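Colleague: requesting a structural model of the entry that follows:
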Amino acid sequence: MIHCAGAYYNKEFEDLSIKDWDECMNLNARSIVHLTSLAVPFLEVSKGNKSIVILTSANKDKPLFGEMLFAVSKVY
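Modeller: So this is what the prediction gives:
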């Protein structure tokens, strides 16, 4: 399984709404747990590769101005 979802919000902290936080965290962070939990039973019975690959972003380590929410959601 390869997880490569991402939502990007280029806003300053004071311009972020709770809706922005919820949408970004649900897609960038929560979806990893949800999709992995759905995939595990299939991976357990698979005869092939049983890998889970989670792609993140280089911006998580040193976000650019206005990318705080995106960076926080990609810290996993």
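
Colleague: what's the distance between the residue nearest to the spatial centre of the chain and Leu69?
Modeller: By Cα atoms, centre = their mean, the chain has its centre lying nearest to Asn28, at 2.4 Å. Applying Cβ to Cβ, to the nearest Å, the value for Asn28 to Leu69 is 9 Å. Placement of C-beta: from N, CA and C, glycine included.

Colleague: spit out the contact partners of Ile18.
Modeller: By Cβ atoms under 8 Å, 6 or more residues apart in numbering, no residues touch Ile18.

Colleague: which parts of the chain are strands?
Modeller: Remark: strands assigned in the chain by DSSP state E are 2-3, 53-54.

Colleague: the last one pairs with which strands?
Modeller: Sheet pairing for strand 53-54, assigned by DSSP bridges, gives strand 2-3 (parallel).
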